[in-house]
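Trainee: My questions are about this predicted structure, shown below with the sequence.
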Amino acid sequence: MKYLTKNRKEILEIISASEKPLNVKQIKTKVNFDISTVYRALDFLENLGYIHSVIFDNEKYYFKDKDGNFIICNSCRKIEVFPVSSLAKEESILKQKFGFLPLSHIFLFKGLCKKCNT
């Protein structure tokens, strides 16, 4: 982990420990340095592949794993991670039909959570 300053390490630890993707506002509440430092650290960590991101409705969320499987509530904005056991069949189809070699994936389902759906 070369070039990881104390602040970068702290942000990486916060994202790694989170079960859900985090946005900048959520990360900022957990650190004692300015927002520009948070943005610079996130940019550095993402460019080196330590973290990954996805944009949900114009807001960037950061997570540790290169693959992401998420559900997001359109009403309350709650984000949950859901497990996917295997994508071997889908990856095979992508390779055979399109000649495409998947390196990572993001599944995003949008809808209403249990609380907002009742």
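Mentor: Cool, got the structure.
Trainee: Tell me the bridge partners for the spatially most central residue of the chain.
Mentor: For the chain, the residue nearest the mean C-alpha position is F63 (3.2 Å; Cα atoms, centre = their mean). Counting by DSSP bridges, F63 is bridged to H52.
Trainee: how far away is it from L101?
Mentor: 22 Å (Cβ to Cβ, to the nearest Å). (C-beta placed from N, C-alpha, C; glycine too.)
Trainee: low pLDDT regions in this structure?
Mentor: The chain contains residues with pLDDT under 70 at 1-2.
Trainee: follow-up on the earlier one: residue contacts, the residue nearest to the centre of the chain?
Mentor: 15, 18, 20-22, 51-54 (Cβ atoms under 8 Å, 6 or more residues apart in numbering).
Trainee: go on, I27?
Mentor: If you count contacts by Cβ under 8 Å, 6+ apart, then I27 has 11, 14-15, 38, 42, 62 around it.
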